[in-house]
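Asker: pasting the structure only:
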């Protein structure tokens with residue numbers, strides 16, 4: 001009996017220990033994947049000094065008339081450069097705000113980035129769009145877009161943009177779900193599919209890239225993010241680049 005109890009204790013310890021270590025690092029696992037923001041501080045993230053902080057359990061950035069934002073800057077997750085993944089998070093954006101979530105992107109210095117962005121704007125116009133720093137708006141709400149190997153673009157419609165945007169709640173908390181599988185990316189707002197596209201060009205970012213949150217220049221605005229979870233395939237099927245920590249840009 002004592003031996004059996006000891007064995008049970010060892011099994012329990014081995015089961016619980018990874019959860020303890022994960023919680024201490026700010027990463028906890030659920031069916032949504034790993035929690036990559038701990039809700040308390042910016043551990044595991046890096047951004048431009050003076051622009052990013054935690055308020056009411058949410059990553060926050062705000063510009064004001066006294067503190068205008070004159071150039072985009074990004075808060076960059078330091079935990080890896082995933083290729084195939086599902087990213088879930090909640091966001092809130094002021095009515096005059098503009099922001100986005102960089103995926104499969106790269107750093108270009110001075111806390112700037114280059115690559116795909118799950119777009120959003122407080123006036124609703126860009127919510128659920130895919131933007132790219134070189135190509136501009138790639139896919140809009142209700143669009144299924146294919147970019148061929150030669151760079152030509154095919155656009156098919158699957159929904160009415162005006163109807164789809166009804167899923168978005170202005171100036172309230174909304175849920176963004178981003179799914180990346182091979183050359184294909186899908187964006188959901190509050191569980192409603194906004195757009196999808198497949199990029200078969202040579203520079204499609206499918207080998208992986210950084211995840212980052214955007215502070216946008218323009219009128220005074222505020223953006224917040226919380227409940228950030230990253231889910232990746234198991235190690236045998238995951239494609240991801242290792243990221244180096246950058247204390248400064």
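Answerer: Now that the structure is in, tell me what you want to look at. Please read all numbers here as calculations on a predicted model, not as lab measurements. Numbering: from 1, shown residues only.
Asker: Bridged to the most centrally placed residue in the chain, which residues?
Answerer: Using CA atoms, centre = their mean, the residue of the chain that lies closest to the mean C-alpha position is residue 101, 4.6 Å off. Beta-bridge pairing for residue 101 (DSSP bridges): residue 118, residue 213.
Asker: Report the separation between it and residue 139.
Answerer: 15 Å (CB to CB, to the nearest Å). Just so you know, the C-beta spots here come from the backbone N, C-alpha and C atoms, and that holds for glycine as well.
Asker: same deal with residue 185?
Answerer: 8 Å.
Asker: list residues touching both of those two?
Answerer: Applying CB atoms under 8 Å, 6 or more residues apart in numbering, one finds that residue 185 and residue 139 are jointly contacted by 130, 196, 197.
Asker: got a winner among these for most neighbours?
Answerer: Neighbour counts for the shared contacts of residue 185 and residue 139, by other CB atoms under 10 Å, peak at residue 130, which reaches 27 neighbours.
Asker: show me what contacts that one?
Answerer: With CB under 8 Å, 6+ apart as the criterion, the residues that contact residue 130 are 116, 117, 118, 119, 137, 138, 139, 145, 185, 187, 195, 197.
Asker: repeat that for 10 Å
Answerer: Counting by CB atoms under 10 Å, 6 or more residues apart in numbering, residue 130 touches 100, 103, 116-119, 137-140, 143, 145, 178, 185-187, 194-197, 199.
Asker: out of these, which are inside strands?
Answerer: 100, 103, 116-119, 137-139, 143, 145, 178, 185-187, 194-197, 199 (DSSP state E).
Asker: Residue 48 looks like it's in a helix, true?
Answerer: No. When classified by DSSP: H, G, I helix; E, B strand; the rest coil, residue 48 is found to be coil rather than part of a helix.
Asker: and it, how many neighbours does it have?
Answerer: Neighbour count of residue 48, defined by other CB under 10 Å: 20.
Asker: how close does it sit to residue 74?
Answerer: Residue 48 sits 8 Å away from residue 74, going by CB to CB.
Asker: Find the residues that touch each one of the two.
Answerer: 61, 110, 111, 112, 215, 249.
Asker: I'd like to know which of the residues you listed are buried.
Answerer: The neighbour-count test (16 or more other CB atoms under 10 Å) marks 61, 111, 112, 215, 249 as buried among the shared contacts of residue 48 and residue 74.
Asker: Need the phi and psi values for the fourth one.
Answerer: Meaning residue 215. Main-chain torsions, residue 215, degrees, to the nearest 10: phi -110, psi 120.
Asker: I'd say it and residue 51 touch.
Answerer: Yes. Residue 215 lies in contact with residue 51 (CB atoms under 10 Å); the separation is 5.6 Å.
Asker: any shared contact partners between the two?
Answerer: 60, 61, 62, 63, 69, 73, 74, 75, 111.
Asker: What is the burial count for the third one?
Answerer: When counting by other CB under 10 Å, one arrives at 18 neighbours for residue 62.
Asker: tell me the contacts of it?
Answerer: If a contact means CB under 10 Å, 6+ apart, then residue 62 has 51-53, 55, 69, 94, 97, 215, 220-224 as its contacts.
Asker: separation between it and residue 119?
Answerer: From residue 62 over to residue 119 (counting by CB to CB), the distance is 19 Å.
Asker: cool, and residue 73?
Answerer: Distance, residue 73 to residue 119, by CB to CB: 17 Å.
Asker: gap between the two ends of stretch 120-138?
Answerer: 14 Å (CA to CA, to the nearest Å).
Asker: sorry, that was for stretch 144-160
Answerer: Stretch 144-160: ends 12 Å apart by CA to CA.
Asker: again with stretch 196-207
Answerer: Using CA to CA, the end-to-end distance of stretch 196-207 comes out at 18 Å.
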